[in-house]
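[1] what's the 3D shape of this:
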Amino acid sequence: MIGLALGNWALGALAFESVRAQEIRECRNGELATWGDGQDRPAIGSTLSFTYNPADAPGWFPETLVAGMVAKAAAAWSQCGVGSHVLAWAGTAKQAPGVIVVDWSEQGSGGNFGLANLGRRTLSLGPKAFELLRTRNPAHDARETLQMVISHEMGHMFGLMAHSRRCVDVLSYYHNGKGEKCYSRDPMQMRNFAEYRHVLPTACDIARCRQANGKPPLPR
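    Numbers count the residues shown, from 1 in each chain. Now for the predicted structure:
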């Protein structure tokens with residue numbers, strides 16, 4: 001009986017995982033919904049250039065790791081129809097104008113995990129927030145949270161100002177602070193994931209981004 005119970009649990013976990021995977025790769029009619037907390041707009045440039053400044057990064061996040069995450073997020077968001085590329089960090093004095101700097105700054109992040117400032121063209125990550133995460137939950141793979149934060153904040157640079165009501169979207173908020181919760185095709189499955197949001201833009205994130213940038217939908 002124990003073996004059967006464990007086997008059923010494993011099959012159930014796989015089923016839950018497959019529903020989430022479906023949500024990530026497809027955007028059904030009616031699923032493009034936001035909390036109405038912002039107005040989507042075109043990206044801040046026809047082509048976006050990013051660079052990573054490793055100064056003040058926590059020691060457990062090597063420069064090559066974070067730079068790779070920036071490149072991965074930029075490539076994923078380029079499905080919006082807005083080109084992007086990542087440049088090597090050349091130092092503040094030599095930085096080309098218009099380049100979006102991904103950095104570590106307690107002030108720039110506002111004490112959050114991350115914060116995008118479109119006017120200053122910065123995507124600031126919060127050192128103390130990640131230190132607290134490591135202290136309180138050392139078993140959690142903080143690399144997943146870091147990739148999700150970079151992807152989320154980068155989405156604002158690509159034009160998504162409102163937050164998604166679909167739980168799995170990287171641009172989602174789980175609730176609006178007024179008792180309303182985000183949407184999932186199977187809410188019961190969410191308890192199986194410490195972080196339900198995807199670490200990269202989902203099909204609905206990309207669909208909304210293409211709308212914001214005046215691009216036709218991708219073929220299904």
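[2] Report the secondary structure element holding Leu115.
    Using DSSP states H and E, Leu115 sits in strand 114-117.
[3] Show me what secondary structure element comes after that strand.
    strand 122-125.
[4] in its sheet, what does the strand holding Leu115 sit against?
    Strand pairing for strand 114-117, determined by DSSP bridges: strand 122-125 (antiparallel).
[5] ok, so what distance separates Ser105 from Glu144?
    Here Ser105 is placed at a distance of 22 Å from Glu144 (CB to CB, to the nearest Å). C-betas here are computed from N, CA, C, even on glycine.
[6] who's more crowded, the two?
    Ser105 (19 against 13; other CB atoms under 10 Å).
[7] list the contacts for that one?
    Under the criterion of CB atoms under 8 Å, 6 or more residues apart in numbering, the neighbours of Ser105 are Asp56, Thr122, Ser124, Leu125, Gly126, Pro127.
[8] what do you get for Phe50?
    70-71, 74, 84-87, 99-102, 123, 154.
[9] Neighbouring strands of the strand or helix carrying it in the sheet, and parallel or not?
    Using DSSP H and E, Phe50 falls within strand 47-52. Using DSSP bridges, strand 47-52 pairs in its sheet with strand 83-87 (parallel), strand 100-104 (parallel).
[10] Send me whatever helix or strand comes next after that strand as CSV with only the CA atoms.
    In the C-terminal direction, the helix or strand that comes right after strand 47-52 (DSSP H and E) is helix 63-77. Extracted C-alpha coordinates of helix 63-77, given in CSV (Å, rounded to 0.1, in the frame of the first residue of the first chain):
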residue,chain,number,x,y,z
GLU,A,63,29.4,37.4,-12.8
THR,A,64,29.2,34.8,-15.5
LEU,A,65,26.0,33.3,-14.0
VAL,A,66,24.1,36.6,-13.7
ALA,A,67,25.3,37.9,-17.1
GLY,A,68,24.0,34.6,-18.6
MET,A,69,20.6,35.2,-17.0
VAL,A,70,20.4,38.7,-18.4
ALA,A,71,21.2,37.3,-21.9
LYS,A,72,18.7,34.5,-21.5
ALA,A,73,15.9,36.9,-20.4
ALA,A,74,16.7,39.3,-23.2
ALA,A,75,16.6,36.6,-25.8
ALA,A,76,13.3,35.3,-24.5
TRP,A,77,11.7,38.7,-24.5
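[11] Quick one: mean pLDDT for helix 63-77?
    Averaged across helix 63-77, pLDDT comes to 98.
[12] all helices of this protein, in order?
    2-25, 63-77, 106-109, 127-136, 142-157, 203-212 (DSSP state H).
[13] so where's the protein shaky on pLDDT?
    1-17, 93 (pLDDT under 70).
[14] Pro58 and Ala129 touch, don't they?
    No - counting by CB atoms under 8 Å, Pro58 does not reach Ala129; the two are 10.2 Å apart.
[15] What count of nearby residues applies to the nearest residue to Ala207 once chain neighbours are set aside?
    Counting by CB to CB, 6 or more residues apart in numbering, Ala207 lies nearest to Cys27, which is 4.8 Å off, once chain neighbours are set aside. A count of nearby residues for Cys27, using other CB under 10 Å, gives 21.
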